[in-house]
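Peer 1: Based on what follows, work out the 3D shape:
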Amino acid sequence: MQIPPEVLQRYSEPHRCYHTVRHLRAVLGALTRWCGPTLPPSLLLAALWHDAVYDPKAHDNEEQSAALVSDPRAQQLILATKKHEPLDDGEDMRLLLDADLWILGAPPRTYRCYARLIRQEYCHVPDDAYRAGRAAVLERFLQRPRLYFGTFPEREARARTSLQAERVGLMSEAPIFARHAP
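Peer 2: Predicted coordinates for the structure are as follows:
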């Protein structure tokens, strides 16, 4: 799948560690596996632009990313990634959210790499604040009845195990991942 140069440029910004072209390709790959090689236009736009704006210090990345596309459905799909909860019953919404969180159910080693990269993106946050904030995010996911909207029981179980392990690690006194700037 050809990714437009302006999208590649955004996902290649130097401050990004996880939310990079690699993440974009993973999202597109998951969607292509589930939908076939030709994605519905709104879903494709949303997938391409969902993290086009990514500033770990900002709280409106999804709104800024959605503003970059003119398709109202793509905008709505992008906005749903803010809380990773569907805004309606559309299958395209569930698919995008599952693809965006697909990393959570990755094998443990891959998940740990993801967690390190997220920490690097938030290198500006002191360890104690990062531990508390990240643990709260993980807890919100763990409280959900299901992480994925599709039927992926093995991936769901692996994701819950990884989220719980990371949460426990954050609550310990052990050093957390390096905070070096990218």
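
Peer 1: Please, which helix or strand holds the closest residue to Ile103 other than its chain neighbours?
Peer 2: Using CB to CB, 6 or more residues apart in numbering and skipping residues adjacent in sequence, the residue nearest Ile103 is Tyr114, 5.0 Å away. C-beta here means a position set from N, CA and C on the backbone, and glycine is covered the same way. Here Tyr114 is covered by helix 108-121, with elements defined by DSSP states H and E.

Peer 1: Buried residues, that helix. List them.
Peer 2: Neighbour-count burial for helix 108-121, with 16 or more other CB atoms under 10 Å as criterion, is recorded at Tyr111, Arg112, Tyr114, Ala115, Leu117, Ile118, Arg119, Gln120, Glu121.

Peer 1: Looking at the chain, which helix is longest?
Peer 2: If you go by DSSP state H, the chain has its longest helix at helix 153-171.

Peer 1: now that one against helix 108-121, angle please.
Peer 2: Interaxial angle of helix 153-171 relative to helix 108-121 (axes from the mean of the first three to the mean of the last three CA atoms, to 10 degrees): 50 degrees.

Peer 1: now helix 153-171: mean pLDDT?
Peer 2: Helix 153-171 shows a mean pLDDT of 96.

Peer 1: Can I get stretch 38-58 in CSV, CA atoms only?
Peer 2: Extracted in CSV, the C-alpha atoms of stretch 38-58 (Å, rounded to 0.1, in the frame of the first residue of the first chain):
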residue,chain,number,x,y,z
THR,A,38,-8.8,-2.4,-0.8
LEU,A,39,-9.9,-0.6,2.3
PRO,A,40,-13.1,1.5,2.4
PRO,A,41,-12.0,5.1,1.6
SER,A,42,-12.9,6.6,5.0
LEU,A,43,-11.3,3.8,6.9
LEU,A,44,-8.1,4.1,4.8
LEU,A,45,-8.0,7.9,5.4
ALA,A,46,-8.6,7.5,9.1
ALA,A,47,-5.9,4.8,9.4
LEU,A,48,-3.4,6.9,7.5
TRP,A,49,-4.0,10.1,9.5
HIS,A,50,-5.0,8.8,12.9
ASP,A,51,-1.7,9.8,14.5
ALA,A,52,-0.5,12.3,12.0
VAL,A,53,-0.3,14.9,14.8
TYR,A,54,1.5,13.4,17.7
ASP,A,55,2.9,15.6,20.5
PRO,A,56,3.2,13.8,23.8
LYS,A,57,2.8,17.1,25.6
ALA,A,58,-0.6,17.9,23.9
